[in-house]
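Chemist: coordinates for the following, if possible.
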Amino acid sequence: MRVPAGAPVPFGLRMRQRFPFLTQLSRPSLGALGVTVTIVLTSAAVFAVCLYPKIRNDYYKEVQKRERAFIQADREQLADGLRPWSNPFEHK
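Modeler: Below is the predicted model of the structure:
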């Protein structure tokens, strides 16, 4: 595509001129783009919720220990008037 002298060249056209193999690639359909974005966002969410805490296990242990140090109550007070959990299979 020819652009008049002095006119701004769009980014996509500039990349196609610099890298000719990009002209062979076609623009993906909206459906394919939607599926790809959904897969990427789901993968990022699974990583953030499931895998990152397992990778940074020591950090989360330290934070949990620090937060539990601030709790100044025993089991009965934390149960809020309810009977604390006990093992129903334990013989008395």
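Chemist: use CA for all of it now, contacts and neighbours both
Modeler: Fine.
Chemist: now the lowest-mean-pLDDT helix or strand in the chain, how far from the centre of its chain.
Modeler: Least confident helix or strand, the chain: helix 75-78 with a mean of 77, by mean pLDDT, DSSP states H and E. In terms of C-alpha atoms, centre = their mean, to the nearest Å, the centre of helix 75-78 is set 35 Å apart from its chain centre.
Chemist: what of stretch 43-60?
Modeler: Averaging C-alpha positions (C-alpha atoms, centre = their mean) puts stretch 43-60 9 Å from its chain's average.
Chemist: now the terminal residues of it, how far apart.
Modeler: 21 Å (C-alpha to C-alpha, to the nearest Å).
Chemist: neighbouring contacts of it?
Modeler: Identification of contacts with stretch 43-60 by C-alpha atoms under 8 Å, 6 or more residues apart in numbering yields no residue at all.
Chemist: any buried residues in it, and which?
Modeler: With burial defined by 16 or more other C-alpha atoms under 10 Å, not one residue of stretch 43-60 is counted as buried.
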